[in-house]
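> Let me see the structure of the following:
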Amino acid sequence: MGEQKIRSKLKKLVIVFLIVCSIIVGVSRCLLGSVTELYAESVQGRLEERALQYKKSFLFKMNSDLQTLRAMACILEDTTTENTTPEETGRLLSNLWDAGSTVGFVRLCYFSQDGTGMQLTAQGQPVAIEISDETAEMQSAIQQALQGNSLCSRAFYDPMLGYNTVGYATPVYTFGKISGVLACSVSTEAYADILSSIGAVSDIGAAAVLSSDGAVVASTRTHQTQGFYDLHGSAYLSVGACEEFSQALAGEETKFFEFESGDLLLYACVMPMGICSDKIVIVDTDKGISDAVSGVVDYAHLIGVMFGVTSIVFVMAVLYINRRHGRQLLQVAYHDRLTGAYNRDKFFQLLDQNWKENMVYVVASVNIRKFKYINELFSPVRSNQLLKDICTVLKRHIEPGEFFCRDTADTFVIALKTLDRDTVRERLEGIFAEIKASCTSIPANYPISFYCGCAYTSDCSSKSRNEELMSHVMMALSNAKQTQQANISFYDAEIHKKEKLQAFIENRMEYALESGEFQMFLQPKMDLNRGTLSGAEALVRWVVDENQTIFPDQFIPIFERNGFCVQLDYYMVEQACKQIRAWIDAGLSPVPISVNQTKLLLYEEDYVQRICAIAQRYEIPGHYIVLEILEGLALENPEQVSERIGQLHAHGFRISMDDFGTGYSSLNTLSQIPIDELKLDRSFLLQAHRSKEYNRRKILEVVIEVAKWLHISTVAEGIETAEHVQLMREMHCDYGQGYYYSKPIPAERFTKTFLLPNAQSADL
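Below you'll find the predicted structure:
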């Protein structure tokens, strides 16, 4: 992974975290907003509840006073007439004074229709008075009463009494007609006592009844009239708060708002009284209104602050870790853990930088021959040490501007500034020699050998130059691996030709299978004792056109790498069944046909079902098909292979082990795998024929003898001479196959050459 990718991923991680944090903060703010809104509703509800409580108590007092006044007026209805003198009126009022003073009346008046009247002072003394002597508020109430309405006035300052009062007036009837008005005054202190006695506000809060112009009718004792509610010069209220109060007092709806007074946040409710234009006003802190909800909001704010601080700390920690451990990240991202060398990503990054500077390099891929066997033979610990030693030697030989990496397993890729091929060979051979000399993990008598593929960066011109370069290197490496003598191979025209052929093969293989370009050739398998035909092996040839044939050693390795060999093997089984059906339909005696099977087939779940389906489609008995498997497959997973062979045996198919003796063959393998036929690799025959030593021949004889003990027939591959035939007969081998009898030939020619003569002989 490149440095930019690492930093990009880290930035993305931080961005994702910030987005998540933003979402959480947003959700938190929504929740907090909901809680705050709920809190505001709770505060307003509590304020409104208290205002209603004050309003009910205040109105109850007013209605009670007005009812008392009406009762007094009813008494006067029976005792006053137009001829009642002022002295008589004074006596009547004096008789009513005791009841009025009990309920808090501070003045009691009676006015006749002509505007003259009599009042009782606070001491109960009658005094003559006229309507015009009253204040404007009282005159308005008296005039309304003369028209038949009972009502109270707004709060006003009574100069006769010297303090604020509220006036009441009610008509007095004589014989069903209004003969006068009974009026009284009540000190606003009586209403203040009512507000204070309820105790519905905190020590900081206050409640009052205000008129629309801000005049105080009554207030609690917590704030004096001349202080808190003085809208025109209060030390407690800001200009903005005074304006909000003024607007709320002028309206006809209940209003809620909040304002600051000193260090306190106060909440206010202004509610119409329903009589006159007075308003109930409640002012309090949230602590005095809704302690429980206030606590929830405080906790919500605290949690939000803590989360915000935690988020910031986390982001800062990530950035700090990124800065502090940047080198460790780069080490992990760009270096091989075992050897400490650059990895493939860093190597390509350095190549990209040099592509931009038009630098030309020779890129060499170095592999250890049979490293897998070194690992198995000397243990992974020693083989890992070998890789470390290689890395150490490469570091000593790398010149300024050059670099290398450990690609995979035992593969090291080196970028050399040296361009001359001979000089490159000398440098690489010197590296190989030093590795062999300095390596202490592998015994000195074990021959460590290397092979190497090289390519020039200047030969790459495609957009994906790194991929093209590594393709060239791998082609050269593959060529070096196949050629034991040339340990160092350069990508050249011949290898380029192979690369083009490989590309052609991979691009055309699907079409070739569908169009029948893959043709089945047959090579006879002869009975060594009788000299008669006993079977045939199916070999594939790719005939593109009359002038171009691609041979198996050119395309089979490619198919094994890309997995196309699975489809090809199924195709060849079908071709074999089709040929056997053609022989039967032609009245010829068919012989079994052996078909090679890739190891990938035996691991497919429906392998047996598909093979059976092909044979059933052409109505071919299973014993006419011999399925050849490689020795290496049997060694990899003997239990699974034995189980699959058992399934094939159940359907009549026969199993042959091909190329026995090319790998790490073991006679024990023959006892583990239930095969029917053993094909001895041609190298067995050549060694036994060329060697005059007794041991080589004896080993071959023992293998054949063991196979007979296990009831396994044997086939000798590579029969090329009569001497080979005689040698195999002497060793009691059952069958022979090779150019001595015939090379692989088309199926039609095989039929004419081997089956038709046999049929004619049988007829004779």
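> hmm, who's touching the helix or strand where Gly180 lies?
Element membership of Gly180 [criterion: DSSP states H and E] is strand 177-187. Contact with strand 177-187 is made by 65, 69, 72-73, 76-77, 80-82, 100, 104-113, 117, 138, 141-142, 145-146, 148, 158, 161, 163-173, as judged by CB atoms under 8 Å, 6 or more residues apart in numbering. To be clear about C-beta, it is placed using only N, CA and C from the backbone, and glycine gets the same treatment.
> cutoff 6 Å now
Strand 177-187 has contacts (CB atoms under 6 Å, 6 or more residues apart in numbering) with 65, 69, 72-73, 104-112, 142, 145-146, 158, 165-172.
> what's the spacing between the helix or strand Gly33 falls within and its chain's center?
Using DSSP H and E, Gly33 falls within helix 3-77. Computed by CA atoms, centre = their mean, to the nearest Å, the chain-centroid distance of helix 3-77 equals 40 Å.
> now the angle between strand 177-187 and it, please.
130 degrees (axes from the mean of the first three to the mean of the last three CA atoms, to 10 degrees).
> taking the mean pLDDT, what do you get for helix 3-77?
Averaging pLDDT along helix 3-77 gives 75.
> where's Arg29 relative to Glu730, distance?
Distance from Arg29 to Glu730, counting by CB to CB, to the nearest Å: 98 Å.
> returning to what we had before: name the strands paired with the strand holding Gly180 and say parallel or antiparallel.
With DSSP bridges as the test, strand 177-187 is paired with strand 105-112 (antiparallel), strand 163-174 (antiparallel).
> Mind listing residues that contact the longest one?
Meaning strand 163-174. 65-66, 69-70, 73, 76-77, 138, 141-142, 145, 148, 150, 152-153, 155, 157-158, 178-188.
> got the buried residues for it?
164-172, 174 (16 or more other CB atoms under 10 Å).
> Dump those residues into TSV; add pLDDT as well.
Below are the buried residues of strand 163-174 laid out as TSV (pLDDT from 0 to 100):
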residue	pLDDT
Asn164	81
Thr165	84
Val166	85
Gly167	88
Tyr168	90
Ala169	92
Thr170	92
Pro171	92
Val172	88
Thr174	82
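> Of those residues, just say which sits nearest to Val424.
Asn164 (114.2 Å; CB to CB).
> now that closest one, which residues is it bridged with?
Beta-bridge pairing for Asn164 (DSSP bridges): Tyr157.
> from now on call the first residue 57
Sure thing, new numbering starts at 57, so read that last one as Asn220.
> Name the helix or strand for Asn563, please.
Taking DSSP H and E as the criterion, Asn563 maps to helix 549-571.
> and that helix, what other elements does it pack with?
helix 521-538, helix 608-618 (3 or more CB pairs under 6 Å, 6 or more residues apart in numbering; DSSP states H and E).
> got a list of contacts for the first one?
Right, the one you point to is helix 521-538. Applying CB under 6 Å, 6+ apart, the contact partners of helix 521-538 are 404, 407, 419, 421, 507-511, 513, 516, 518, 545-547, 551, 555.
> mind running it again at 7 Å?
The contact list for helix 521-538, computed with CB atoms under 7 Å, 6 or more residues apart in numbering, reads 404, 407, 411, 419, 421, 423, 507-511, 513, 515-516, 518, 542-547, 551, 554-555.
> Restrict that helix to CA atoms and write it as CSV.
Extracted in CSV, the C-alpha atoms of helix 521-538 (Å, rounded to 0.1, in the frame of the first residue of the first chain):
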residue,chain,number,x,y,z
ARG,A,521,4.0,-0.1,-17.8
ASN,A,522,4.6,-1.8,-14.5
GLU,A,523,2.4,-4.7,-15.4
GLU,A,524,3.9,-4.9,-18.9
LEU,A,525,7.4,-4.9,-17.4
MET,A,526,6.6,-7.6,-14.9
SER,A,527,5.0,-9.7,-17.6
HIS,A,528,8.3,-9.4,-19.6
VAL,A,529,10.3,-10.3,-16.5
MET,A,530,8.1,-13.3,-15.7
MET,A,531,8.4,-14.6,-19.3
ALA,A,532,12.2,-14.4,-19.1
LEU,A,533,12.1,-16.0,-15.7
SER,A,534,10.0,-18.9,-17.1
ASN,A,535,12.4,-19.3,-19.9
ALA,A,536,15.4,-19.4,-17.4
LYS,A,537,13.6,-22.0,-15.3
GLN,A,538,13.1,-24.3,-18.3
